[in-house]
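Asker: Here is a sequence together with a model predicted from it:
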Amino acid sequence: MVGGALSSLATELQLPAALRTAAVVLLMAGPPLVLGLLPAVREVEGIAVSSLLGVVFEERPLGPARSWAQRRRTAFWFALHLVAGGLVGVLSTVVFGAGPVLLAAPFRATGRHEIVPGVEYDVTGSWKDAWMPLGVLAALAALFLISAGVGALLAHLAPRILGPSPSERLELLERRTATLAERNRLARELHDSVGHALSLVTIQAAAARRVLASDPEFAETALGAIETSARAALADLDHVLGLLRDDRRPGSGTAPQATLEELDRLVEASRAGGITITVERSGELELLPAAVSREAYRILQEGLTNAIRHSGRAHDELSVGLAIRLDHSGLRLTVTNPVSGASEHPGGGRGLAGIRERVAVLRGTVAVGRTDAGWQLAVTLPVAMTTKNEGVT
């Protein structure tokens, strides 16, 4: 109808046939193509395709077009969508408009009858009139097949036109990988920092309860250590939440992460729970890069947590040895503790997995298992520096 009106207008303007055809095509296809360039059309079409055709896109939900390549593909899809919908709409109008008339044709009086002005049919009153209802049934079947075929074709083309291109798919995969890596890093930070602090609070509270009546001074020390551990856990939690929020407003900076310089505080907090800890240091640890020092602190923290949780001994009977050695072969971290009976977690849990992830980033090695001295965690990080001092505390 619209095309006929435009063709009539072009004829009245006495335009050449080729120019009339071009003008009609341009006027009919131009608006959908221009409208399809709007960024929001991609999002709307994605919702429609997902709801009506059940298409699942790699990018969920399908967002607005972010590049001109996506806009061009969306414009093409929008025009294709309108053409396919118009074709099915016209066929449906013809079939459902003329169908009831032709189905009732054999029951009408003989003679010539009109469906619409200019379209007529003859009723002979014989078996030859059966072609009309049979034709309607065939047209209905054809309409169903055409509609199903158009829907299947659009469902097949939608992810290829509206979805990401190979380069966009690679970019999307990189974003997802970065997001997953960041989630794993944040989960590792929470496990190693807050998890360790809660473990210390638990053993310190238990130690304070046991000696509250017999040794009030030790109980007071343990309670003070609980407060310190809780404050450290809150600081670590605020740091991780700050990373989650990506909050860069002035005055909203998060606390810096702990390094080997804070190892003494970690050891004293653990000792307040009745655990015996020895620390052996060698090398110029203060010259370590900040990133290596932070990772080394977290590794020792998690190793100490595992010793507390899985040694199978009472906390006041537990002895843990920490060794930190820096020489020309790199930085070596060792956590050793005795164990009673079989380990409850021989394969390691999230803590050991987190240690392996940290070490893998720095291209180091991890060895964990039983030795003559008990259970040992040994980590080597490739940091070549000279040694300076040695000592045992």
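Answerer: Now that the structure is in, tell me what you want to look at.
Asker: mind listing the strands for the stretch 151-300 of the chain?
Answerer: 276-282 (DSSP state E, counting those that start in this stretch).
Asker: dump the residue contacts of L300.
Answerer: 260, 263, 266, 322, 324, 333, 335 (CB atoms under 8 Å, 6 or more residues apart in numbering). Just so you know, the C-beta spots here come from the backbone N, C-alpha and C atoms, and that holds for glycine as well.
Asker: cool, and V211?
Answerer: Counting by CB under 8 Å, 6+ apart, V211 makes contact with 218-219, 222.
Asker: Among the contacts of L300, pick out the one closest to V90, please.
Answerer: Lowest distance from V90 to those (CB to CB) belongs to L333, with 75.5 Å.
Asker: ok, and the closest non-adjacent residue to the closest one?
Answerer: V379 (4.3 Å; CB to CB, 6 or more residues apart in numbering).
Asker: Verify the assumption that that neighbour is located in a strand.
Answerer: Yes: counting by DSSP: H, G, I helix; E, B strand; the rest coil, V379 is part of a strand.
Asker: Burial check on it, number of neighbours?
Answerer: 25 (other CB atoms under 10 Å).
Asker: Bridged to it, which residues?
Answerer: Note on V379: beta-bridge partners by DSSP bridges are L333, V366.
Asker: begin at 30 from here
Answerer: Okay, using 30 as the starting number, the last item reads as V408.
Asker: What's the separation between it and T139?
Answerer: 100 Å (CB to CB, to the nearest Å).
Asker: ranges for the helices of the stretch 180-329 of the chain?
Answerer: Secondary structure of the stretch 180-329 of the chain by DSSP state H, counting those that start in this stretch: the helices cover 195-218, 224-240, 245-274, 292-300, 319-339.
Asker: ranking those helices by burial, who's on top?
Answerer: Most buried of those, by mean neighbour count (mean count of other CB atoms under 10 Å): helix 319-339, with a mean of 22.
Asker: how far out from the middle of the chain is that one?
Answerer: In terms of CA atoms, centre = their mean, to the nearest Å, the centre of helix 319-339 is found 28 Å from the chain centre.
Asker: Check stretch 202-219 too.
Answerer: Offset of stretch 202-219 from its chain centre (CA atoms, centre = their mean): 9 Å.
Asker: sorry, back to before: could you save the helices of the stretch 180-329 of the chain as JSON lines and add columns showing distance to L166?
Answerer: Output for the helices of the stretch 180-329 of the chain, formatted as JSON lines (distance: least, CB to CB, whole Å):
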{"stretch": "helix 195-218", "distance to L166": "46"}
{"stretch": "helix 224-240", "distance to L166": "71"}
{"stretch": "helix 245-274", "distance to L166": "63"}
{"stretch": "helix 292-300", "distance to L166": "83"}
{"stretch": "helix 319-339", "distance to L166": "74"}
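Asker: TSV for the ones you listed, including mean pLDDT and distance to A396?
Answerer: Formatted as TSV, the helices of the stretch 180-329 of the chain follow (pLDDT from 0 to 100; distance: least, CB to CB, whole Å):
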stretch	mean pLDDT	distance to A396
helix 195-218	75	20
helix 224-240	74	21
helix 245-274	75	27
helix 292-300	83	21
helix 319-339	85	12
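Asker: among the ones you listed, which is nearest R310?
Answerer: Among the helices of the stretch 180-329 of the chain, the nearest to R310 by CB to CB is helix 292-300 (8.6 Å).
Asker: how about that closest one as CSV, C-alpha atoms only?
Answerer: In CSV, the C-alpha atoms belonging to helix 292-300 read as follows (Å, rounded to 0.1, in the frame of the first residue of the first chain):
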residue,chain,number,x,y,z
LEU,A,292,55.4,-10.0,59.6
ASP,A,293,56.3,-9.3,63.3
ARG,A,294,52.8,-8.1,64.0
LEU,A,295,51.4,-11.2,62.4
VAL,A,296,53.7,-13.4,64.5
GLU,A,297,52.9,-11.6,67.8
ALA,A,298,49.2,-11.9,67.1
SER,A,299,49.5,-15.6,66.6
ARG,A,300,51.7,-16.0,69.7
